[in-house]
Structure formats: structure tokens, C-alpha cells
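Student: Got a predicted structure plus its sequence, pasted below:
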Amino acid sequence: MLQLQYYPFDLAFKHPFTISKGSKTHQPTLVVSLGLGNLRGYGEAPAISYYNVTVEQMMASLEAKRQVIERYALTDPNRYWHFLHHLLPGQNFLIAALDIAGWDLFAQLRRQPLYRLLGIDPANMPTTDYTIGLDTIDIMVQKMEELKWPIYKVKAGKPGDIDTLRALRVHTSAPIRIDANEGWTFDEIKALLPELVKLNITMIEQPLPREEWEAMKELKALSSIPLFADESCRGEEDVKKCEESFHGINIKLTKCGGITPALRMIKEARENGLKVMIGSMNESTVGSAAIANIMPLADEADADGPLLLQEDVAAGLNYDNGKIILSGGPGLGIQFWEQKRTKQ
């Protein structure tokens, strides 16, 4: 019988984290634990306001379904995900946390790192970017100067974006990606495209609102810069729809419901000629380790949560100039702390 536990946290950012949808100083998140004997598997689901997900809602759902979850016999993580999918319909964030914990525990039972269990070679780990949240130009430059990185992801979607990007370009020759989080109109991004090319912008993530499929199709025909879907590709049902409107998709474990559907989405994206990015939602080391274990299957990566947070709840990941180094321990390869710790 499984033993279910969960741990709510409110993790401070190093800097206020601002995107086109709003700003926050802390990341609320829920870590779940599934135990069997002396082993415990961990998963994480950050709460994101614009997806209407709160830690309190997830904890209430866990309590309501505790007995059913704890009675489940974990013999196959894929079957476990289908069980969760029917038990918690529409609750992808919570399903993701439980799915990750299931995979972590399952791999520990087999005394293997998760990546090895899945047949993934960590030597193929793509470089993760480092995100620069919206702020004044001076502060955004300061953030870039604080951490020299091989790829930057700059949040956009506000008036004056082009001036900000020009100022940042003065301070780095590294590739810059931009993420508008649905913050632009078609006319705005169309006018910006020539300038973005001059600034050597290498990717544009979700420039338009998620429902504007026809406008995105037109924009794709105009853009020499790869366009990646984020909010437009929440789950498996969206992959095929992205083929005509985007060059690639950003798969996030919390958004799609965990490792199990993410693996299927990667396969389908390849079949439809789409590039794959594995993304994050400011997860601590717990969720970021889950992301990192499947990241070698992707072309691009955005898994910088632990770099953005002032506090963490686990150890087991190291960052080396854009590369994530896994511990090689069984499961996710992490050591969870029940109390958050401030980074030195």
C-alpha cells in the first residue's frame, strides 16, 4: 500500500518575477510523496494563477482521494497515469506531481536512474536558457550581468520591448530567445519581426493569444525566427493543431499532466515535424529534476527554476554553464528536505 504525503511551500525568488500576465515575489508549490517500504518518490506541481491552480485546491483534492490513491498497486507508471487521469479529471498540475512521484518511486524500486529506465542518454542534454523577467532596462541588464549564461530567455509583451532588447544585446553576444506569454497583437509582432532578426533573436515563444490559430499561421509564413507554442499547447490534444501555426512546441510537465503524457507528446511532435522544447514553471529542484531526466529527448530546454529561486527544497541537480548535471542516483536522483532552505 502506498503512503501519500504532501508538503506546501512558498519559495522566494531572487528577484521579483514579472511576465506580461503579472508579477510575483514567491512561487507557491506543492511537493507530493509516494512511499513504499523505505523508499519515497517525489513530484512537484507549482501553482500558477493564470491556470487557476492553487496549492490549497490540490491539497483538498489529495485529501478527498487519499484512500483511493494509497490503495493503488504501482506496477506500471503508464497505467498509473491513466488511473490518475480518470480519478482527477482536468487537474493536470496535480496529476503531474503524482505521475512524477510514481516514476521516481518506480525507478528507485528498480535501482536505476529514471533516465536509464526510460532509455535516455544524459550525454545528449540540451543547454537550458536563463530567464530574464520583465523590469526596468537597468534591472534587466543587472540580472544578465549577475549570471553570464550561454542562452538567455527574455520575457516580453509590454510597450518598449524593442528598446529593452536593444539594450540587452549591447551586453551579450549570446543567443536571446523571447517569450511574450500571449502579450502581443498580430500587428505588433509583424512590425517587430525585422528588428528582432537584426538583434539575432533565435526563438519567439507564444507571441499571440492561444486561440489565435489563423493569425499564428499567417505569422509563421512571415517569420524566419522559429515560433514555439506554449499556452497554445497545453496537452496532447493540442500537438497536431500546432503543426500549421508553429515551428515547435514547449512541453511542460505540469501543464500536460506529467512525464507519461510528455513522452507521448514528444513522439507525436516528431511525427508532425515540430521541434520540441522542454519547459518549466519555476519548479524547485524536485520538479526540475523530473524535467532534466527527459530533457535529452528535446531540441531546446528551459529548466532554470532553481536558478531563479532564492529558496529550494531538495538537492541533486548541478548547473554548469547551461548544462544540467544529474546526480546519477536512483529515480530522480534527488534528496528532498521537508523544510525549505535559503541558498547561499
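Tutor: That came in fine, so what should we check first?
Student: which residues in the stretch 51-200 of the chain form strands?
Tutor: Here the stretch 51-200 of the chain has its strands, by DSSP state E, counting those that start in this stretch, at 130-132, 152-155, 176-179.
Student: Please render the ones you listed as a markdown table that adds mean neighbour count to the earlier fields.
Tutor: Where C-beta positions appear, they are placed from N, C-alpha and C, glycine not excepted. Shown next, in a markdown table, are the strands of the stretch 51-200 of the chain (neighbours: other C-beta atoms under 10 Å):
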| stretch | mean neighbour count |
| --- | --- |
| strand 130-132 | 24 |
| strand 152-155 | 24 |
| strand 176-179 | 24 |
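Student: Redo those as TSV? Include mean pLDDT and distance to residue 92.
Tutor: What follows is the strands of the stretch 51-200 of the chain, written out as TSV (pLDDT from 0 to 100; distance: least, C-beta to C-beta, whole Å):
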stretch	mean pLDDT	distance to residue 92
strand 130-132	98	22
strand 152-155	97	23
strand 176-179	97	20
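Student: how about the top strand by length along the chain: buried residues?
Tutor: Ranked by residue count, the top strand of the chain under DSSP state E comes out as strand 3-19. Using 16 or more other C-beta atoms under 10 Å as the burial criterion, the residues of strand 3-19 that qualify are 4, 6, 7, 9, 11, 13, 15, 17, 18, 19.
Student: nearest spatial neighbour of the second one, skipping sequence neighbours?
Tutor: Nearest residue to residue 6 in three dimensions, chain neighbours excluded: residue 32, at 4.8 Å (C-beta to C-beta, 6 or more residues apart in numbering).
Student: what does the helix or strand containing residue 254 contact?
Tutor: Secondary structure assignment for residue 254, by DSSP states H and E: helix 253-256. For helix 253-256, contacts defined as C-beta atoms under 8 Å, 6 or more residues apart in numbering pick out 45-46, 48, 51, 92-93, 96-97, 100, 234-236, 259, 262, 265, 281, 283, 287, 290-291.
Student: so what's residue 39 up against?
Tutor: 105, 108, 109.
Student: do the same with residue 19
Tutor: 133, 134, 155, 157, 179, 181, 183.
Student: just checking, residue 298 touches residue 278?
Tutor: Yes - contact criterion C-beta atoms under 8 Å: residue 298 and residue 278 qualify, at 4.3 Å.
Student: joint contacts of the two?
Tutor: Joint contacts of residue 298 and residue 278 (C-beta under 8 Å, 6+ apart) are residue 251.
Student: that older thread, filter the contacts of helix 253-256 down to just the buried residues.
Tutor: 45-46, 48, 92-93, 96-97, 100, 234, 259, 262, 265, 281, 283, 287, 290-291.
Student: Dead centre of this structure: give me the residue that sits there.
Tutor: residue 280 (1.4 Å; C-alpha atoms, centre = their mean).
Student: follow-up on the earlier one: please compute how far the longest strand of the chain lies from its chain's middle.
Tutor: Distance of strand 3-19 from its chain centroid, counting by C-alpha atoms, centre = their mean, to the nearest Å, is 14 Å.
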